[in-house]
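**Student:** Let me see the structure of the following:
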Amino acid sequence: MKKLQDTVVAVIGLGLIGGSYAKALKAQKVKRVIGLDQNHIVSLMAKDEGYVDELADDKPELLREADVIICCMYPSAFVPFVKDNRQYFRPDVLLTDVMGIKGSTPDAIDALLGPDMDFVPTHPMAGREGKGYSQSTSQIFQGANFILIKRENNKPEHEQWLRDMAYELGCARVVELTVEEHDSIIAYTSDLPHVLAVSLINSDSMQENTKYFVAGSFRDATRVADINAALWSDLFLLNKGPVIGEINKMEQQLEKWKSALQQEDADELVRMMDQAKKKRRDMFYGKNLR
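**Tutor:** Model (predicted):
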């Protein structure tokens with residue numbers, strides 16, 4: 001594989017993550033960035049701002065020039081895109097993605113690719129409130145974790161290229177695990193917090209004057225309720241089994257709180273909170289895992 005600076009990269013979907021990829025790759029002086037988005041106005045904006053060199057919106061044959069294709073579209077659009085455009089891919093292209101849930105998608109993509117094409121699933125753990133190109137930034141990868149999905153049929157040189165790219169874009173560490181491990185963990189660390197944030201905002205306790213009683217804890221707990229609903233409905237349904245499992249576990253935790261309060265068990269309340277405090281401190285201030 002070529003060095004990042006000698007590579008032609010195509011970014012498919014120029015929303016929050018795709019736009020951030022284009023900007024970050026340009027900042028690292030990648031050889032060329034080819035962009036494509038279903039909203040041509042967004043594509044033109046990225047080109048006018050200098051983050052995309054050429055547009056493949058109406059010229060999919062430009063994809064033949066890409067050494068690496070990063071797919072940043074909604075999960076439901078990923079397989080159809082590959083099916084409709086695989087004839088434009090280089091025979092030895094490295095294809096990757098940013099999907100928050102993998103499920104059976106890697107197998108579906110493999111079935112569409114030529115013998116020397118390689119799909120290496122990844123998931124940059126980067127994001128912010130809102131959605132779309134206007135929210136994208138080259139700094140979004142700074143300090144982020146970058147997940148690389150380990151699969152037996154992937155080429156080691158392609159995996160290494162993606163590791164190197166992640167660090168060059170500013171990621172703090174690269175974590176490698178299987179599809180099943182990824183989706184199970186993400187159900188807890190990403191899906192469930194979004195479910196809880198949306199549920200807090202949608203609670204019957206939310207009234208017109210609630211905004212006058214909001215401080216840091218409520219703002220922090222509901223930050224991700226400013227959500228891209230179309231994208232996240234795809235992600236929740238792709239991972240519905242693990243997500244339902246995490247909701248069940250959370251219900252068990254809430255039952256413990258309800259029981260301790262009903263029994264006025266101060267010792268149990270203190271125990272649960274001290275346990276959580278220690279776990280959180282260990283997570284965020286413990287030893288670096290890199």
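
**Student:** which stretch of helix or strand covers the nearest residue in space to residue 151 that is not next to it in sequence?
**Tutor:** Leaving aside its sequence neighbours, residue 151 sits nearest to residue 106 (C-beta to C-beta, 6 or more residues apart in numbering; 6.7 Å). (C-beta placed from N, C-alpha, C; glycine too.) Using DSSP states H and E, residue 106 maps to helix 105-110.

**Student:** Name the next helix or strand following that helix along the chain.
**Tutor:** For helix 105-110, the following helix or strand on the C-terminal side (DSSP H and E) is strand 118-120.

**Student:** which outside residues touch that next one?
**Tutor:** With C-beta atoms under 8 Å, 6 or more residues apart in numbering as the test, strand 118-120 has contacts from 92-97, 106, 109-110, 113, 148-149, 151, 154-155, 158-159, 162.

**Student:** And those, which of them are buried?
**Tutor:** Buried subset of those (neighbour count, 16 or more other C-beta atoms under 10 Å): 93-97, 106, 109, 148-149, 151, 154, 158-159, 162.

**Student:** Spatially central residue for this protein, please.
**Tutor:** The centroid of the chain falls nearest to residue 100 when counting by C-alpha atoms, centre = their mean (4.3 Å).

**Student:** Which positions within the longest helix along the chain qualify as buried?
**Tutor:** Counting by DSSP state H, the longest helix found in the chain is helix 240-262. By neighbour count with 16+ other C-beta under 10 Å, helix 240-262 contains the buried residues 242-243, 246-247, 260.

**Student:** cool, and stretch 220-233?
**Tutor:** Within stretch 220-233, the residues scored as buried using 16+ other C-beta under 10 Å are 222, 224-225, 227-228, 231-232.
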